[in-house]
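Asks: my questions are about this predicted structure, shown below with the sequence.
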Amino acid sequence: MSVKKAIIPAAGYGTRSLPITKAVPKEMFPVAGKPAIQYVVEEAIASGIEEILIVLSRNKSLIMDYFDRSLEYEAFLEKVNKQHLIGKIDTPDIHLQYIRQPFAEGLGAAVKLGRRFAGNEPFAVLLPDDIFIGDEAPALAQLSDLHNETGFSVVGLKKVKNELLKNYGVIKEEKVSEGKYRLIDIVEKPKESPPSNLAVSGRYIFTPSLFDHLEKTTKGAGGELQLTDAVKSLLKEEKCYGMEISRNRYDIGSEADYLRLIQSIMESGR
Ligand code: UTP
């Protein structure tokens with residue numbers, strides 16, 4: 001079954017990017033005139049998604065305002081004869097819904113809020129702070145291909161340097177073919193002996209059974225409900241795959257990556 005629904009969890013505090021995140025959500029950081037989250041919404045649309053649920057927190061209303069129609073701007077641009085700019089303020093051509101996460105209890109808790117939205121269908125999760133740029137197929141579309149082939153959950157992967165693996169969910173795997181893996185195990189932020197150099201990176205497709213595993217999962221690393229722990233439980237009962245994403249990945253919560261992202265977009269004229 002092809003994936004039509006996506007959840008974008010955007011309710012985190014963005015502590016690495018303080019103090020700006022006190023007022024501006026990191027998902028709204030500008031990247032060549034557009035907020036970062038718009039790249040992720042465009043990626044979802046380009047990957048065949050038809051409905052998106054964005055998980056917000058109290059200080060993230062700016063995201064909802066941004067994706068709303070701006071009648072004021074439309075009227076103003078008409079009045080001053082700048083109709084040619086109206087296309088710039090078009091709302092994305094997709095059905096958007098929002099839900100608030102009352103406490104930032106972790107990525108797993110944010111995804112869990114999407115249970116009713118996803119229903120009995122497979123669904124995607126796109127982390128809005130991970131932006132994938134490149135000439136290859138959109139990151140989520142790369143995962144969709146493997147999901148359509150297998151019918152099972154697929155997590156996006158990137159090879160990460162040894163010393164940085166402690167910041168990620170890391171998989172233990174069995175190689176299926178170039179860039180495609182079957183998950184044997186997954187460890188959140190391994191302190192020592194990471195099981196591979198393949199880190200989970202910002203894009204996922206899940207079968208609806210993930211929700212049963214999220215319900216059973218208790219708080220893990222950092223006192224948060226970890227999505228990785230629910231995946232670990234899922235793969236005991238169901239096959240789960242990993243797909244190396246060929247596009248470059250930029251984490252906008254890292255200042256160096258954010259600058260590299262802007263540079264790459266300016267250079268490529270995207
Ligand atoms: P991160 O841990 O990377 O983001 O969560 P953060 O917590 O916002 O930022 P730092 O690490 O403190 O700087 C990954 C994604 O999960 C969302 C975040 O918004 C981000 O997109 N998230 C995290 C939630 O929606 N809810 C949570 O409770 C935690």
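Replies: Okay, I see it.

Asks: what helices and strands are in contact with the helix ranked longest in the chain?
Replies: The residue-count maximum for a helix in the chain (DSSP state H) belongs to helix 255-268. Judged by 3 or more CB pairs under 8 Å, 6 or more residues apart in numbering; DSSP states H and E, helix 255-268 is in contact with strand 30-31, strand 130-133, strand 248-251. Glycine gets a C-beta too; all of them are placed from N, C-alpha and C.

Asks: quick one: end-to-end distance for stretch 24-43.
Replies: End-to-end distance of stretch 24-43 (CA to CA, to the nearest Å): 22 Å.

Asks: next, see if that stretch gets close to the ligand.
Replies: No. Residues of stretch 24-43 are not located near the ligand by CB under 6 Å from any ligand atom, the shortest gap being 6.5 Å.

Asks: which residues touch that stretch?
Replies: Stretch 24-43 is contacted by residues 8, 10, 14, 17, 20, 52, 54, 59-60, 62-63, 66-67, 92, 94, 96, 126-129, 131-133, 138-140, 252-253, 258, 261-262, 265-266, 270 when judged by CB atoms under 8 Å, 6 or more residues apart in numbering.

Asks: please name the bridge partners of Pro30.
Replies: In this entry, Pro30 is beta-bridged to Pro35, by DSSP bridges.

Asks: how many residues are close by it?
Replies: Neighbours of Pro30 under the rule other CB atoms under 10 Å: 12.

Asks: how much space between it and Arg16?
Replies: Look at Pro30 and Arg16: by CB to CB, to the nearest Å, they are 18 Å apart.

Asks: just Tyr250 next, same as before
Replies: Distance, Tyr250 to Arg16, by CB to CB: 14 Å.

Asks: more crowded one of the two?
Replies: Per other CB under 10 Å, whichever of Tyr250 and Arg16 has more neighbours is Tyr250, with 26 against 14.

Asks: now the more buried one. Nearest residue, chain neighbours left out?
Replies: Leu261 (3.8 Å; CB to CB, 6 or more residues apart in numbering).

Asks: need the contact list for the one you found.
Replies: 31, 131, 133, 250, 252.

Asks: tabulate those residues (JSON lines), appending pLDDT and distance to Thr150.
Replies: Compiled in JSON lines, these are given as follows (pLDDT from 0 to 100; distance: CB to CB, whole Å):
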{"residue": "Val31", "pLDDT": "94", "distance to Thr150": "33"}
{"residue": "Ile131", "pLDDT": "97", "distance to Thr150": "26"}
{"residue": "Ile133", "pLDDT": "95", "distance to Thr150": "27"}
{"residue": "Tyr250", "pLDDT": "97", "distance to Thr150": "28"}
{"residue": "Ile252", "pLDDT": "95", "distance to Thr150": "31"}
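
Asks: and of the residues you listed, the nearest to Lys159?
Replies: The nearest member of those to Lys159, counting by CB to CB, is Tyr250 at 15.4 Å.
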